[in-house]
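**Q** What follows is a protein structure lacking sequence information:
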């Protein structure tokens, strides 16, 4: 039976995170995880690795930061409402950052 590190590295390479733009991500992530890590933690790491390349400017960085902070603060909400709220706050944070960036350019 394969260990968790090998399975994660194979899955990440299969979905394309190991492509030229993301070289070396799969081995680093796969080797840095304990073999007894919980699956929800591993899935979180995979989503983080997939989301990082999409942050290309301050606007998307601000949206990710707003959503991340909101998700952490809203974990106690019932029915996974924290996830929905974090997504909405991330969108609003991105819109605010974009409008502030447009104002500063003028």
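**A** Thanks, I have the structure now. What you are looking at is a predicted structure, and each value in this text was computed from that prediction instead of being measured.

**Q** quick one: low-confidence ranges for the chain?
**A** Low-confidence segments of the chain, defined by pLDDT under 70: 1-5, 7-38, 40-41.

**Q** Now the helix or strand containing residue 99: buried residues?
**A** Residue 99 is part of helix 81-105, with elements assigned from DSSP states H and E. Neighbour-count burial for helix 81-105 flags 82, 85, 86, 89, 90, 93, 94, 97, 98 (criterion: 16 or more other Cβ atoms under 10 Å). Bear in mind the C-beta positions are built from the backbone N, C-alpha and C, glycine included.

**Q** of all those residues, which comes closest to residue 67?
**A** Nearest to residue 67 out of these is residue 90 (Cβ to Cβ; 2.7 Å).

**Q** Look up how far residue 97 lies from the closest one.
**A** 10 Å (Cβ to Cβ, to the nearest Å).

**Q** again, but for residue 71
**A** Relative to residue 97, and taking Cβ to Cβ, residue 71 is found at 17 Å.

**Q** do the same with residue 39
**A** For residue 39 relative to residue 97 (Cβ to Cβ), the value is 33 Å.

**Q** now swap in residue 89 and tell me
**A** For residue 89, the distance to residue 97 - Cβ to Cβ - is 12 Å.

**Q** on that earlier part again, any common contacting residues for residue 90 and residue 97?
**A** residue 63 (Cβ atoms under 8 Å, 6 or more residues apart in numbering).

**Q** Domain-wise, how is the protein divided?
**A** 4-54, 58-105 (automatic domain parsing).

**Q** And the helices in this protein, which stretches?
**A** Assigned by DSSP state H, the helices in the chain fall at 4-14, 25-31, 39-51, 58-73, 81-105.

**Q** Report the angle between the last one and helix 58-73.
**A** Okay, so that is helix 81-105. Helix 81-105 and helix 58-73 meet at an angle of 150 degrees, taking axes from the mean of the first three to the mean of the last three Cα atoms, to 10 degrees as the criterion.

**Q** Just give the nearest non-adjacent residue to residue 83, would you?
**A** residue 71 (6.6 Å; Cβ to Cβ, 6 or more residues apart in numbering).
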